[in-house]
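S.K.: Here's my sequence, what's the structure:
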Amino acid sequence: MLQRSVAASIERFWPTNRDRAETVGPRASPVEALYDKIQELSPQTEAQRSLRSQALTTALDLGRMLMLLFEQLGSSIPVPFLVVLVFWLCIIFASFGLFAPRNATVIAVLFVCALSVSGAIFLILELDRSFEGLLQVSSAPMRAALAQLGQ
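M.R.: Numbering: from 1, shown residues only. Okay, the predicted model is just below:
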């Protein structure tokens, strides 16, 4: 059951078919079913009770992590803020360009500064979306864990 829930989680967050537009949300997850099955266990010895308690704690921690992940899936950068920021930066660079002497050094410095600021905004936006874009959370650890469960 743990192996199926890990495989389902991998497919939800890193689908093999990228054309499919599945939204990831806090719907009934396989972790909840796993938690319920662990609770149904009836331990006979003290060691089994301890293992059941550890398994419940681990499943609960996993559920908490999933809820945190679901909370952070949406964009945390409001679009109006981004529009105002870009407008403000355009005004600043336009004023620098208007009041600076026109020579190759000033143009090169303004170009490098504009490239630096746009690169910073790009990185902020890419890091805000963990599972899409150029910079993504790797699925390698989850796939390695799934391979270990399969052995």
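
S.K.: drop to CA atoms for contacts and neighbour counts, all remaining ones
M.R.: Will do.

S.K.: May I have the secondary structure class of residue 76?
M.R.: coil (DSSP: H, G, I helix; E, B strand; the rest coil).

S.K.: What is the neighbour count of it?
M.R.: By the criterion of other Cα atoms under 10 Å, residue 76 has 11 neighbours.

S.K.: so it sits right up against residue 128, yeah?
M.R.: Yes - using Cα atoms under 8 Å as the test, residue 76 is close enough to residue 128 to be in contact (6.8 Å).

S.K.: pLDDT score for the residue minimising distance to the centre of the chain?
M.R.: By Cα atoms, centre = their mean, the chain has its centre lying nearest to residue 130, at 3.0 Å. Residue 130 is assigned 74 on the pLDDT scale.

S.K.: Provide the backbone phi and psi angles at it.
M.R.: When read as degrees, to the nearest 10, the backbone of residue 130 gives phi -70, psi -30.

S.K.: nearest residue to it other than its sequence neighbours?
M.R.: residue 136 (5.2 Å; Cα to Cα, 6 or more residues apart in numbering).

S.K.: sec struct for that neighbour, please.
M.R.: Relying on three-state DSSP, one would call residue 136 coil.

S.K.: Next, count neighbours for it.
M.R.: Counted with other Cα under 10 Å, residues neighbouring residue 136 total 14.

S.K.: Where does the prediction get shaky in this protein?
M.R.: The chain contains residues with pLDDT under 70 at 18-30, 72-74, 151.
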